[in-house]
Every structure is written in C-alpha cells, then in structure tokens.
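Undergrad: Structure of the sequence below:
(2 chains)
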Amino acid sequence: ETGVTQSPTHLIKTRGQQVTLRCSSQSGHNTVSWYQQALGQGPQFIFQYYREEENGRGNFPPRFSGLQFPNYSSELNVNALELDDSALYLCASSLKLSEVDEQFFGPGTRLTVL
Amino acid sequence: AQSVTQPDIHITVSEGASLELRCNYSYGATPYLFWYVQSPGQGLQLLLKYFSGDTLVQGIKGFEAEFKRSQSSFNLRKPSVHWSDAAEYFCAVGAYGGATNKLIFGTGTLLAVQP
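TA: Numbers count the residues shown, from 1 in each chain, chains lettered A, B, ... in the order given. Sure, this is the predicted structure:
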C-alpha cells in the first residue's frame, strides 16, 4: 500500500508568481484535503476535493484553487503569490464512506515566497 | 465556533519522566478527536484517535489519551518519555457532518526531551 506523496519537497518563488503543488493520494482513497501550515502554527484547512469536485473550503481567497483527477490525485494552485503564502502545504487523503473518515497526511511541500 | 486550544506552547521533560500534553476543544456535537505528531520538516503522523466508546484511548509509541466530556479535554499522556519523542504534537477535532470532513488543529505543543 502506497502512502500519500507530495511534490516538490521544497519550492522557492517570488511575490506575484504562480505555483502548482501536487499530491498523490493513498491507494483506495477518493478524497483529498489540503492544509496550510504557517511557521509555528497548526495546519489550517484550505479545501477538500471529492469525486473531482470541490467539497468544502476554508477561509482562503479564490487565488487558492485546486483540481482532483480521475485517479484521485490532486493539485493545489496559488496565483499572485504573497509573502504570507510561505508555509508548509500538507495534503491528506481519505476514503469517504460514512460520516467519519480518517485522513492520512503526506510529508508536505515547503513553499518559500521571496 | 469550533476550536482547539493547546495551552502549552513548549514543554521540556527529562528522559524517562512522565508526560501530559493538554488539549481543550470547543465543538457543538459529538467530537471526533485526534493527536498527531510532527517531526522537524515532516508531515503529520496519527498517534491516536477517539470516535466513541471507551474514553481512554491507546495509540502508537506508548501514548494514550483520555476523553473527558465534562472538561472538554483530550489530554495526551505517556508514562516514560524517550529522547525520540522530541517533536511537535497537535491535537485536532474532526468537524464532520455535512459534505465536508475537515480537521481543526490546535497551535501545537513543542516537546523537548532532556537526557
């Protein structure tokens, strides 16, 4: 069983640029959630994708967008990068079968915006 | 509003000593509670979870947690800490119901272990 993987591991961008982060979900999982973890903080929910559609969103602006593909992998796109977007971005996959599903996290992508 | 509070930002214990990390939650319905551990530069690893049933939950690496509804708490404990336990620990509540299942995390407790 393959766990959740994310790419790239690290990324450096400049303010105003756009970035795409990628996530491969754990085998058999159909739901992907993205979280932002700023330095010294707990992860904050960005959004969730289920069956290729956005299934809920946290308090993040529209320049944060995503995709989920038929194989359940996912992308997080951030446009017009700001300095405050510097963070660890975590992807979590789960199997949505009932009210409760356990989320399994990837190692994260460290984004630095200069 | 749903929230998780971890009152201790940083804790230092001696190797072999006992450990208790505090977590308080605010959630209107039956809470689903989690403890995760994060080593430097790593993602989150699930230590244990409480969904229902026995309020004392056993997890991996010798950790346990007790759910106390009357105190809105879910404290993490370990009887004897090892140097490899040094990491950051996050308590989370699962905000379930409706279409979206998401986790709401506390700000974390950084654990240092002295030899």
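
Undergrad: So what's the residue count around the nearest residue to B:Gln58 once chain neighbours are set aside?
TA: Once flanking residues are discounted, B:Gln58 sits nearest to B:Glu64: 5.2 Å by C-beta to C-beta, 6 or more residues apart in numbering or on different chains. (C-beta placed from N, C-alpha, C; glycine too.) Per other C-beta atoms under 10 Å in any protein chain shown, the neighbour tally for B:Glu64 reads 16.

Undergrad: Please apply the same query to A:Arg110.
TA: Around A:Arg110 there are 16 residues (other C-beta under 10 Å).

Undergrad: quick one: contacts for the residue nearest the centre of chain A?
TA: Closest to where the C-alpha atoms of chain A average out (C-alpha atoms, centre = their mean) is A:Trp34, at 3.0 Å. A:Trp34 sits next to A:Cys23, A:Phe45, A:Ile46, A:Phe47, A:Gln48, A:Gly66, A:Ser74, A:Leu76, A:Tyr89, A:Leu90, A:Cys91, A:Ala92 when contact means C-beta atoms under 8 Å, 6 or more residues apart in numbering or on different chains.

Undergrad: so which strand or helix has it?
TA: strand A:31-37 (DSSP states H and E).

Undergrad: And for the following helix or strand past that strand, what's in contact with it?
TA: On the C-terminal side of strand A:31-37, the nearest following helix or strand under DSSP H and E is strand A:44-50. For strand A:44-50, the surrounding residues in contact (C-beta under 8 Å, 6+ apart) are A:30-38, A:54-60, A:64, A:66-68, A:74, A:76, A:96, B:99-105.

Undergrad: cool, stretch A:61-75 as well?
TA: Residues from elsewhere that reach stretch A:61-75, judged by C-beta under 8 Å, 6+ apart: A:20-25, A:29-32, A:34, A:46-47, A:49-54, A:76-80, A:91, A:93.

Undergrad: Quick check on the residues you listed: which are buried?
TA: Listed as buried from those are A:21-25, A:29-32, A:34, A:46-47, A:49-50, A:76, A:78, A:91, A:93; burial here means 16 or more other C-beta atoms under 10 Å in any protein chain shown.

Undergrad: coming back round to it: where's the strand holding A:Trp34 relative to the chain centroid, distance-wise?
TA: Offset of strand A:31-37 from its chain centre (C-alpha atoms, centre = their mean, to the nearest Å): 4 Å.

Undergrad: Averaged pLDDT, that strand. What do you get?
TA: Mean pLDDT, computed over strand A:31-37, is 95.

Undergrad: Please apply the same query to stretch B:25-34.
TA: Mean per-residue pLDDT for stretch B:25-34: 86.

Undergrad: Of all residues in chain B, which one is closest to chain A?
TA: B:Thr100 (2.6 Å; C-beta to the nearest C-beta).

Undergrad: Within range of chain A, give me the residues from chain B.
TA: B:4, B:32, B:36, B:41-46, B:49, B:51, B:90, B:92, B:94, B:96-108 (C-beta under 8 Å from any C-beta of the partner chain).

Undergrad: List the ones among the residues you listed that fall in helices.
TA: The helices, defined by DSSP state H, take in nothing from the residues of chain B next to chain A.

Undergrad: So, low pLDDT: which residues of chain A?
TA: A:1-2, A:97-100 (pLDDT under 70).

Undergrad: Just checking: what are the partner strands of the top strand by length along chain B?
TA: Using DSSP state E, we find that the single longest strand of chain B is strand B:87-95. With DSSP bridges as the test, strand B:87-95 is paired with strand B:32-38 (antiparallel), strand B:102-105 (antiparallel), strand B:109-114 (antiparallel).
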